[in-house]
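Enquirer: Give me a model of this one.
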Amino acid sequence: MVFSSLQFIFVYLPVFLIIYFSIPRMWRNFWIFIGSIAFYAFGTWDKPQYTMLLVLSVIVNFILGKAIAKTHSKGILIIGIIYNLAWLCVFKYSDFIFENINILSKHLGGSGELLEPWNLLLPVGISFYTFQSISYITDVYRREVPAETSLANFGAYLTMFPQLIAGPIIKYRELREEMRSRRATFAQLDQGLRLFTLGLGLKVLLANQIGNFWSDIQAIGYESISTPVAWMGIFAYSFQLYFDFYGYSMMAIGLGRIMGFTIPQNFDHPYESLSMTEFWRRWHMTLGSWFKEYVYIPLGGNRRSTPRVYFNLFVVWLLTGFWHGAGWNFILWGMILFAIIAIEKAGLKKILDRFKVVGHAYMIVLIPLTWMVFAITDMGQLGVYAGRLIGIGANGFGSVFEGDVAKFADMYGVLMIICAVLSVSGPAKLFNKIKDNVLGAVILFAIFWGSVYLIHMGLNDPFLYFRF
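Expert: Numbering: from 1, shown residues only. Okay, here's the model as predicted:
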């Protein structure tokens, strides 16, 4: 079940909230836990073992937290981290590892068939709730938070349906007080519904529609498009990814607000950035915060020698790339980002911050190029697409289809301009000034029912980050 579905909007959410606001406050965390498990089970009904794995993760990490708090044992912490990562590795990385072992075996003269792939489907949300589990037991070990003594409270934290599937990644200490004492007011309900509606619009009205451009290019074949269309395509994918994930995060924050929780922001208009360093402080901010706090700083952060600082950055970006997917393109993507950020750290960022026009031009080129590496998982096809960007191929700068630039510009040109305008902070600031008056209500009304109409017509897709 996804937020941008009629089942969620008109069945699950109303039923969940009616019960949530009807029961005594002392039972609300338990209801969040049960309701979130039901939400997850409905979405994975054909794989009930995935729901069992989620429940097991709650129970095991709850027990681990209490054991770590009691003994302050680093050994138990390590066991807990290994336990959580083991499930992630089994489901997400096993076939990638087997495939590369077989390739290596073949190059060394073997049969190349040492290991059979398991072909396991990735449990939805496992990358996110694994990181939340690790942050919890680590914070308990560091004595930054006491271990949770209520299984219902911990279960509500780890499985909370607004952020269970694709984040934001929430540290337990960020919600601990609200788990124990919060008020869900009418003002929060109103604010939460507004945020949910805006996020729904970003997903359904923008991300899904501009995503059709990228789908069209994939259907045609990268080798068949012209150079201008290749550039238009990676800009379209950049907008799709941004509004898809930003929309999900906004809906998650809005749903949390309805229930009285303050879920942290995940985006801060990253496409306005002047450098890649700034971009990754404003994109998927909770993931960046997680890697900073649980990887970069423990390695020594920027308090070590210059070579060690760059090594620490290398580790962070290698892991960031691999976290996003089991493929060489994700590793390459992480290494490209490391190289760019390392160059910026060496002095380029000061120039970009000083000359803003240069910084914006620099990022206008780099953002879609890096997302191209992220989007195309086949390394051979990635090379083909990169070639089309500079006119390499049988068709030069042209296409096998005459007039493809005019065709795609006619189909998606206006939408791409709208996406470009809405990807910066100006429209959001303007809407904040009118959101509480009649015009704001009319806009939200149009966004909601326009989104519902497109969902009803079947013009909807799952969130992109569900696959990571």
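
Enquirer: Please identify the helix or strand for Ile418.
Expert: helix 404-422 (DSSP states H and E).

Enquirer: in that helix, what's buried?
Expert: Judged by neighbour count using 16 or more other C-beta atoms under 10 Å, the buried positions of helix 404-422 are 404-405, 408, 412, 415-416, 418-419, 422. (Each C-beta comes from the backbone N, C-alpha and C, glycine too.)

Enquirer: Dump the residues you listed to TSV, plus pLDDT.
Expert: As requested, the buried residues of helix 404-422 are arranged in TSV below (pLDDT from 0 to 100):
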residue	pLDDT
Asp404	87
Val405	91
Phe408	93
Tyr412	95
Leu415	96
Met416	96
Ile418	97
Cys419	97
Leu422	96
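
Enquirer: which helices and strands does the helix holding Ile418 pack with?
Expert: Packing partners of helix 404-422 (3 or more C-beta pairs under 8 Å, 6 or more residues apart in numbering; DSSP states H and E): helix 208-220, helix 227-258.

Enquirer: Which of the buried residues of helix 404-422 sits closest to Pro307?
Expert: Nearest to Pro307 among the buried residues of helix 404-422: Cys419, at 41.2 Å, using C-beta to C-beta.

Enquirer: For the closest one, give me its contacts.
Expert: 206, 210, 239, 243 (C-beta atoms under 8 Å, 6 or more residues apart in numbering).

Enquirer: before we move on, the earlier item: could you identify the helix or strand that succeeds the helix holding Ile418?
Expert: According to DSSP H and E, the helix or strand after helix 404-422 is helix 425-434.

Enquirer: Out of the helices and strands packed on helix 404-422, which one sits most buried?
Expert: helix 227-258 (a mean of 24; mean count of other C-beta atoms under 10 Å).

Enquirer: still on that earlier bit, just the buried residues of helix 404-422 now: which is nearest Pro123?
Expert: Cys419 (31.6 Å).

Enquirer: tell me the contacts of the residue lying closest to that closest one once chain neighbours are set aside?
Expert: Nearest residue to Cys419, sequence neighbours excluded (C-beta to C-beta, 6 or more residues apart in numbering): Phe239, at 3.9 Å. Neighbour list for Phe239: 206-207, 210, 416, 419-420, 423 [criterion: C-beta under 8 Å, 6+ apart].

Enquirer: Give me the mean pLDDT for the helix or strand that contains Gly383.
Expert: Using DSSP H and E, Gly383 falls within helix 379-389. Helix 379-389 shows a mean pLDDT of 94.

Enquirer: now swap in stretch 278-289 and tell me
Expert: pLDDT averaged over stretch 278-289 gives 96.

Enquirer: One more: stretch 122-135?
Expert: 94.

Enquirer: Run the chain-centre distance for it.
Expert: Here the centre of stretch 122-135 is set off from its chain's centre by 12 Å, with C-alpha atoms, centre = their mean, to the nearest Å.

Enquirer: before we move on, what about stretch 102-122?
Expert: On C-alpha atoms, centre = their mean, the centre of stretch 102-122 falls 30 Å from the chain's centre.

Enquirer: Just the CA atoms of stretch 43-51, as PDB, please.
Expert: What follows is stretch 43-51, C-alpha atoms only, in PDB (Å, rounded to 0.1, in the frame of the first residue of the first chain):
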ATOM      1  CA  GLY A  43       1.600  -4.100   1.100                       C
ATOM      2  CA  THR A  44       3.500  -7.400   1.300                       C
ATOM      3  CA  TRP A  45       0.600  -9.800   1.600                       C
ATOM      4  CA  ASP A  46       2.200 -12.300  -0.800                       C
ATOM      5  CA  LYS A  47       5.400 -12.300   1.300                       C
ATOM      6  CA  PRO A  48       4.200 -12.800   4.900                       C
ATOM      7  CA  GLN A  49       7.800 -13.600   5.900                       C
ATOM      8  CA  TYR A  50       8.700 -10.000   5.400                       C
ATOM      9  CA  THR A  51       6.200  -8.900   8.000                       C
END
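
Enquirer: before we move on, back to that, among the contacts of Phe239, which two are most distant?
Expert: Ala207 and Ala420 (13.9 Å).

Enquirer: Any regions of this protein where pLDDT drops low?
Expert: Applying pLDDT under 70 to the chain flags residues 112, 394-400, 459-468.

Enquirer: Now do the strands in it.
Expert: Here the chain has no strands by DSSP state E.

Enquirer: Give me the buried positions along stretch 279-287.
Expert: 279-280, 282-287.

Enquirer: Of all pairs in those, which one spans the longest distance?
Expert: Greatest spacing in those, by C-beta to C-beta: Phe279 and Thr286 (15.3 Å).

Enquirer: Does Val358 touch Leu352 like I think?
Expert: Yes - at 6.2 Å, Val358 counts as touching Leu352 under the criterion of C-beta atoms under 8 Å.
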